[in-house]
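S.K.: what's the 3D shape of this:
(chains A and B)
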Amino acid sequence: MDEIIAVSKRKLILLMIVAVTVISGSGLFSFLSVKSGFLIKSLIEITGRATGLEKNINDFFPRVEEAKRMGSILTNIKYTNTLTLRETLFRELESIGLVVSDISLKEKTGKEEKNKGLIEVNVAGAISLEKIPDFLKSVSSRPKIWGVENIDINPKISPAELVSQFMLLHRKGDRRGISLFIEQGKDFLSKENSSVVDLKMRFVVVGG
Amino acid sequence: MSLSGFFKRKKKKEADDFNFDDEYGFPVETDGESGGKNSGRTSTISANKNNNVPCDFVNMVPFDWAKPIVSEFIGKKLNREVFKRVFLYLILFAVFASAYGAVNYFEKGREYLLDTKTREFGKKIAEYEAVADNLSVYKSYIEIPNNPPVYTQFYGVSFLAVRNGLLVGKTSYSSTLSGDAGARVSRDGFALETGKRIEDIDIRGVWTLTGTISPRIGSVADSNWSMNFSKQVNVLFGRLRVNAYTRVATSSGTGRGSGNDSDVVVTILLWK
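M.R.: Numbers count the residues shown, from 1 in each chain, chains lettered A, B, ... in the order given. Below you'll find the predicted structure:
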């Protein structure tokens, strides 16, 4: 009898263990399920908001595409190869009439983001007086960006100074001086370089 | 064999062979006797069998004999009950586990969906950020070219010089107000005339024309000529929506020392 009771007890204990395990497990699963339920609720809310955000992002997309397109166009304004920039600028300036004697390049400094990639170019050269308007026209309409910071146009022989000097002599009534001045003036004007002006220019280009 | 079957068979056996007590010589209770004294009379048993001992005929079977059957019966019954409940519990467990699994699967699915979307957003936003960065750089590039273009400014200035009889010798252009030009433009005078500080304006160009007044005009840059020139500069550049501030200094004022009153330095400040 005791053995039967013992066996029964064992089975009942097994049953109890199983029951406890199942109840605990079920409780755990229920707890986890409820917890996951709250998480799912939050996830659904976030996903809903994300959908709205996605819509906003997608609405913004055409503008970004436009900006990209503009960027690709603006990329063409850059001098991509800075190693040959000096030679390139030399050729470009010569092609628009400036006889270049010196070009110096300097990276534009400054903490500002807007100075990023900017190169300051100092040019010294000579150009015929008649070519100055065309030269400035060409400078203003470069296919690549040029920001002119400084130009000094200084004639080797200034007609204005000649006139000024002549008027001064005339005002003084210095006939001898006037005739001498006229002779010298003829010599000056007959020289080939009489209409050549020195030109110094500083401008900014965008390097790659 | 079940327990009920066992008892049925026992009852049948009892009916068939009621006086087995005699045969096996088990103690029998008799009237007036107590304490288990065996008289060997079966008739007294049937008369008293239900008085004190319930189901006394079962007691007559040694338990050792019934033990395997009872044990088997109880074992089976118990097993059935236990396994039935265990099975139910397992089903319950499986239901909860399945529910959790389903919820977890759904949760993972949502998480994956959100992750995918977040990754996608991150990628797009990074792309947009790069574009925005580039845009700010492009914007700074757009500000580099002179506005109005240098040629346009030069053309206007030259036109006015020719029109007003100014024979220009040296010409300078600067995008900022500095050096000699900066010294010639009176900051106080500018603020008084325009109502703005030089620091607050957007300078579009500073032109310095050094030359002499043509004899046809009168060879003297008097105040009339200066005012007239300044007005024309304002009108001309006003068409480009650019303001102009003009200063005319004679050679005596500039210290050039040429001794000629017709020599002038004209400084034109173009601003917005």
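
S.K.: wait, does the helix or strand where A:Ile17 lies contact chain B?
M.R.: Using DSSP states H and E, A:Ile17 maps to helix A:2-75. Yes: counting by Cβ under 8 Å from any Cβ of the partner chain, chain B is contacted by helix A:2-75 at A:3-4, A:7-8, A:11-12, A:14-15, A:18-19, A:21-22, A:25-26, A:29-30, A:32-33, A:36-37, A:39-40, A:43-44, A:46-47, A:50, A:53-54, A:57, A:60-61, A:64, A:67-68, A:70-71, A:74. Placement of C-beta: from N, CA and C, glycine included.

S.K.: Show me what counts as buried in stretch A:80-88.
M.R.: A:82, A:85 (16 or more other Cβ atoms under 10 Å in any protein chain shown).

S.K.: is it true that A:Ile178 touches A:Leu168?
M.R.: No: the pair A:Ile178 / A:Leu168 is not scored as a contact, 10.0 Å apart, by Cβ atoms under 8 Å.

S.K.: Those two: which is more packed in?
M.R.: Neighbour count, other Cβ atoms under 10 Å in any protein chain shown: between A:Ile178 and A:Leu168, A:Leu168 has more, with 19 against 16.

S.K.: how far off helix A:2-75 does the helix or strand containing B:Gly122 point, in degrees?
M.R.: For B:Gly122, the element it lies in under DSSP H and E is helix B:63-142. With axes from the mean of the first three to the mean of the last three Cα atoms, to 10 degrees as the basis, helix B:63-142 and helix A:2-75 are set at 10 degrees to each other.

S.K.: ok, which residues in the stretch 151-272 of chain B are in contact with chain A?
M.R.: Counting by Cβ under 8 Å from any Cβ, the residues of the stretch 151-272 of chain B near chain A are B:151-152, B:154-155, B:158, B:167-176, B:210-212, B:214-215, B:219, B:258-260, B:262-263.

S.K.: Only the buried subset of those, as a ChimeraX command please.
M.R.: Per 16+ other Cβ under 10 Å, the buried members of these correspond to this ChimeraX selection:
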select /B:151,152,154,155,158,167,168,169,170,171,172,173,174,175,210,211,212,214,215,219,258,260,262,263
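
S.K.: Apart from its neighbours in sequence, what residue is nearest the residue sitting nearest the centre point of chain B?
M.R.: Nearest to the mean C-alpha position of chain B, by Cα atoms, centre = their mean, lies B:Thr118 at 6.6 Å. Once flanking residues are discounted, B:Thr118 sits nearest to A:Ala50: 7.3 Å by Cβ to Cβ, 6 or more residues apart in numbering or on different chains.

S.K.: Quick check, that neighbour in contact with B:Phe121.
M.R.: Yes: in this structure A:Ala50 lies within contact range of B:Phe121 using Cβ under 8 Å: 7.2 Å.

S.K.: Looking at the two, which has the bigger crowd around it?
M.R.: Between A:Ala50 and B:Phe121, A:Ala50 has the larger neighbour count (other Cβ under 10 Å), namely 19 against 15.

S.K.: how about that one, what does it touch?
M.R.: Counting by Cβ atoms under 8 Å, 6 or more residues apart in numbering or on different chains, A:Ala50 touches B:114, B:117-118, B:121.

S.K.: okay, now the domains of the chain?
M.R.: Went with chain A since none was named. A:1-75, A:82-206 (automatic domain parsing).

S.K.: try chain B instead
M.R.: B:3-61, B:150-271.

S.K.: Out of those, which gets the lowest mean score?
M.R.: Mean pLDDT per stretch puts domain B:3-61 lowest among the domains of chain B, at a mean of 49.

S.K.: how far away is B:Gly165 from A:Val163?
M.R.: Applying Cβ to Cβ, to the nearest Å, the value for B:Gly165 to A:Val163 is 11 Å.

S.K.: residue ranges with poor pLDDT in chain A?
M.R.: A:1, A:110-115, A:192-194 (pLDDT under 70).

S.K.: I'd guess A:Ser101 is in a strand, am I close?
M.R.: Yes: assessed with DSSP: H, G, I helix; E, B strand; the rest coil, A:Ser101 lies in a strand.

S.K.: Show the contacting residues for it.
M.R.: A:124-126.

S.K.: try it again with 6 Å
M.R.: A:Ser101 is in contact with A:124-125, counting by Cβ atoms under 6 Å, 6 or more residues apart in numbering or on different chains.

S.K.: Kindly report the same for A:Leu32.
M.R.: A:Leu32 makes contacts with B:Tyr100, as judged by Cβ under 6 Å, 6+ apart.

S.K.: try B:Val185
M.R.: B:247, B:267, B:269.

S.K.: Over to the second one. Which of the three states is it?
M.R.: Which is B:Thr267. Following three-state DSSP, B:Thr267 is assigned to strand.

S.K.: List the beta-bridge partners for it.
M.R.: B:Thr208, B:Arg247 (DSSP bridges).

S.K.: Can you name the residues that contact residue 206?
M.R.: Defaulting to chain A. The contact partners of A:Val206, by Cβ under 6 Å, 6+ apart, come to A:77-78, A:117, A:145, B:141.

S.K.: that's the wrong chain, I meant chain B
M.R.: Neighbouring residues of B:Val206 by Cβ under 6 Å, 6+ apart: B:174, B:177, B:181, B:269.
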